[in-house]
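Trainee: Pasting a predicted model and its sequence here:
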Amino acid sequence: MGHVTSPSKRYPASFKRAGSILGVSIALAAFSNVAAAGCEYVVTNSWGSGFTAAIRITNSTSSVINGWNVSWQYNSNRVTNLWNPNLSGSNPYTASNLSWNGTIQPGQTVEFGFQGVTNSGTVESPTVNGAACTGGTSSSVSSSSVVSSSSSSRSSVSSSSVVSSSSSVVSSSSSSVVSGGGQCNWYGTLYPLCVSTTSGWGYENNRSCISPSTCSAQPAPYGIVGGSSSPSSISSSSVRSSSSSSVVPPSSSSSSSVPSSSCSSVSSSSVVSSSSSSVSVPGTGVFRVNTKGNLTKDGQLLPARCGNWFGLEGRHEPSNDADNPSGAPMELYAGNMWWVNNSQGSGRTIQQTMTELKQQGITMLRLPIAPQTLDANDPQGRSPNLKNHQSIRQSNARQALEDFIKLADQNDIQIFIDIHSCSNYVGWRAGRLDARPPYVDANRVGYDFTREEYSCSATNNPSSVTRFHAYDKQKWLANLREIAGLSAKLGVSNLIGIDVFNEPYDYTWAEWQGMVEEAYQAINEVNPNMLIIVEGISANANTQDGTPDTSVPVPHGSTDLNPNWGENLYEAGANPPNIPKDRLLFSPHTYGPSVFVQRQFMEPAQTECAGLEGDEAAQARCGIVINPTVLEQGWEEHFGYLRELGYGILIGEFGGNMDWPGAKSSQADRNAWSHITTNVDQQWQQAAASYFKRKGINACYWSMNPESADTMGWYLTPWDSVTANDMWGQWTGFDPRKTQLLHNMWGL
């Protein structure tokens, strides 16, 4: 969804939003020391037919390692997919570094992961050997020490079993989880510690790092590892478990970390320590989708009366802004700007708004962010680039995110975080992780808010790009792991899950399906209590893959019924992602004419308007007819049918400006659609809410705050881009029409 307060965005037709590892050998391409690296094999998850694992290479020398490769072979297990290296061969396999992870600084670690199938065997134990691994070792964990359940309810096991949502098996010769020093074990993934960054995440020596203070804030057993900060109190062959050791999170299994520097094995009679100091995820806040496709929390049905509250993902400042021209500040809109009431502010607080939303029935909020939101040092999340009144102003965007989650938890409001873009500057345009220009608004006339100079791709960029916010799958998966760790870090039980990427309209279903499967593995490694929230795609793909003049049509049912960005789940039923059904929540987006005038809105009597949409339909002065029967045919094809298949569905975004194309609309829309004099967007919203209620589909309204130029908000505002632009950022009460719509949909 577009969040600028400038004229509404519009899209051209082609861009609608619409086993045993028998041997592991490490060969290093360049090293000067005899013992070049330490090797660690980690089983991160296992279930009846498969497993996930990771291999970690730690540079324990004083010299930089440049380039590495790993080869291994199974008895019966086979790898089905792998992330973060190049892969060749087929049992034996060979994995080698990518361009960005070939260099291992002294004390640092590189890790890659993979998923495999057991082929009716057991998860095979690894043997790590080779010069780089100091002569070779073997470690194993018996299959009886791993307990899993595919049930959506909690399971109890006998005290003789090893049960943990995140257990760690540590050999006697190792005093820390990872050899070496100066690292952060960030919820199971190793990152270098920052040297100059004092809080949050940083970027030093051409890679991401974590400040010591942020790393140390995690619960045990995570934190700083190596050197004097290593957790040397870990005893020989001990198994740590969470405080709720009699509970196995549904559809997850224990995670075992086995250093390869010695031989050790653990059987089902191993000692279980359930010290509360080793909790990896809270004992409550287990979110699932039950067999009827409904949300649950700790086994109880969870009402999903949901809304979007945005701002932390970044906005677009005008080019003539006095303090931050064309900036992208990340700041939650709060109805209390610094200039209001002669700079005294409105007095509104986040707590006041949460109280009011709860009184209106809200139980859940979707919170959009950008990757940069997670960085406490990003200048666009700090003063002087912020506009909220000093009384509520954040110190940085990361702090604002964490404070919001904790406050929502205190108010019993559930939260799911949405990675809304690859960059706070690129924003809603992205559509893919490595988005690059030209974007859909590149040629809009009289428009101050283009971003043609910004790209999330490191390659294949046009000459317009001068600023690079390169983003890729590795960074994305790291962000997902980091967000998944917030439940434990903040001590909250209200984080439902992660909406893994907003409106991925530029992927085919096969591409997106594979990506969300990797997202599930990354999130589940850190927090098995969370849901994986998956949006739909669009009607076309690969328009921003470096070949902007070509696109790939994507199946979506009837060509007369075009999906919005994020709406198309047409192929998901026949080809669902390999994610446990009780952990998967589909989340399409759908909008009416105030966001985009689709071809299915055309007046049937105007035959000359058949197939037209957007600006072309406006120029032909086409009428708009909201026909619920037609709309429902499209919704049913695009996502509704999944309800009958037992999947959970939570509409991530729907809403609109009920006065469009009149009051609160941009001047461009008022001019282009002046011949539309009825409340067509309000009619569309009523049709959508009626369909959702009848189908038992939950939906998140866009938005709570009124700073969206396309949709406005549930809160009213005196701001109008045409007649009262100086009133921007101010709120009054709730729009009674939207209150009635939502209360009726929720059955209140």
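Mentor: Arrived safely, thanks for sending. Small disclaimer: the values here were computed from a predicted structure and weren't measured.
Trainee: any chance you could map the strands in the stretch 1-150 of the chain?
Mentor: All strands of the stretch 1-150 of the chain, identified by DSSP state E, counting those that start in this stretch, fall at 21-28, 38-46, 50-58, 65-66, 68-74, 78-83, 86-89, 93-96, 103-104, 109-117, 126-129, 137-141.
Trainee: Phe601 is nearest to which of the ones you listed?
Mentor: Set against Phe601 and scored by Cβ to Cβ, the strands of the stretch 1-150 of the chain come closest in strand 78-83, at 41.0 Å. In short, each C-beta sits where N, CA and C put it, glycine included.
Trainee: Within the sheet, what are the partner strands of the closest one, with directions?
Mentor: Strand pairing for strand 78-83, using DSSP bridges, gives strand 109-117 (antiparallel).
Trainee: tell me which residues in the strand it pairs with are buried?
Mentor: For strand 109-117, burial by neighbour count (16 or more other Cβ atoms under 10 Å) applies to Thr109, Val110, Glu111, Phe112, Gly113, Phe114, Gln115, Gly116.
Trainee: What of stretch 666-675?
Mentor: Ser666, Ala668, Asp669, Ala672, Trp673.
Trainee: can you check stretch 480-495 too?
Mentor: By 16+ other Cβ under 10 Å, the buried positions in stretch 480-495 come out as 480-490, 492-495.
Trainee: Tell me the gap between it and the middle of its chain.
Mentor: In terms of Cα atoms, centre = their mean, to the nearest Å, the centre of stretch 480-495 is set 13 Å apart from its chain centre.
Trainee: ok, the closest residue in space to Ala610 that isn't next to it in sequence - contacts?
Mentor: Leaving aside its sequence neighbours, Ala610 sits nearest to Met602 (Cβ to Cβ, 6 or more residues apart in numbering; 6.4 Å). Neighbouring residues of Met602 by Cβ atoms under 8 Å, 6 or more residues apart in numbering: Cys609, Ala610, Gly611, Leu612, Glu613, Ala617, Cys622, Gly623, Ile624, Val625.
Trainee: Please type out the PyMOL selection for whichever of the residues you listed turn out to be buried.
Mentor: To isolate the buried subset of these in PyMOL, counting by 16+ other Cβ under 10 Å, use the following:
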select buried, resi 609+612+613+617+622+623+624+625
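Trainee: and of the contacts of Met602, the nearest to Val43?
Mentor: Taking Cβ to Cβ as the measure, Val43 lies nearest Glu613 of the contacts of Met602, at 51.3 Å.
Trainee: and the closest residue in space to Leu748 that isn't next to it in sequence, how many neighbours does it have?
Mentor: In this structure, Leu748 finds its nearest non-sequential neighbour in Gly361, 5.1 Å apart by Cβ to Cβ, 6+ apart. Gly361 has 16 neighbours, counted by other Cβ atoms under 10 Å.
Trainee: re earlier: will you turn the buried residues of strand 109-117 into CSV that also has pLDDT?
Mentor: Below are the buried residues of strand 109-117 laid out as CSV (pLDDT from 0 to 100):
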residue, pLDDT
Thr109, 78
Val110, 77
Glu111, 81
Phe112, 79
Gly113, 77
Phe114, 79
Gln115, 78
Gly116, 82
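Trainee: CSV for the residues you listed, including distance to Phe734?
Mentor: Output for the buried residues of strand 109-117, formatted as CSV (distance: Cβ to Cβ, whole Å):
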residue, distance to Phe734
Thr109, 51
Val110, 52
Glu111, 48
Phe112, 50
Gly113, 46
Phe114, 50
Gln115, 47
Gly116, 52
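Trainee: Provide a list of residues in contact with Tyr641.
Mentor: Tyr641 is in contact with Gly573, counting by Cβ under 8 Å, 6+ apart.
Trainee: now do Thr353
Mentor: Per Cβ under 8 Å, 6+ apart, neighbours of Thr353: Ala334, Gly335, Met704.
Trainee: How about the backbone phi and psi for it?
Mentor: Phi and psi for Thr353, reported as degrees, to the nearest 10, are phi -70, psi -40.
Trainee: Going forward, the N-terminal residue is numbered 19.
Mentor: Will do, 19 is the new start, and the previous item becomes Thr371.
Trainee: Using the record's domain definitions, break this structure down for me.
Mentor: Domain assignment for the chain, taken from automatic domain parsing, gives 39-198+252-298, 309-340+359-764.
Trainee: So which bits of stretch 384-400 are buried?
Mentor: By 16+ other Cβ under 10 Å, the buried positions in stretch 384-400 come out as 384-396, 398-400.
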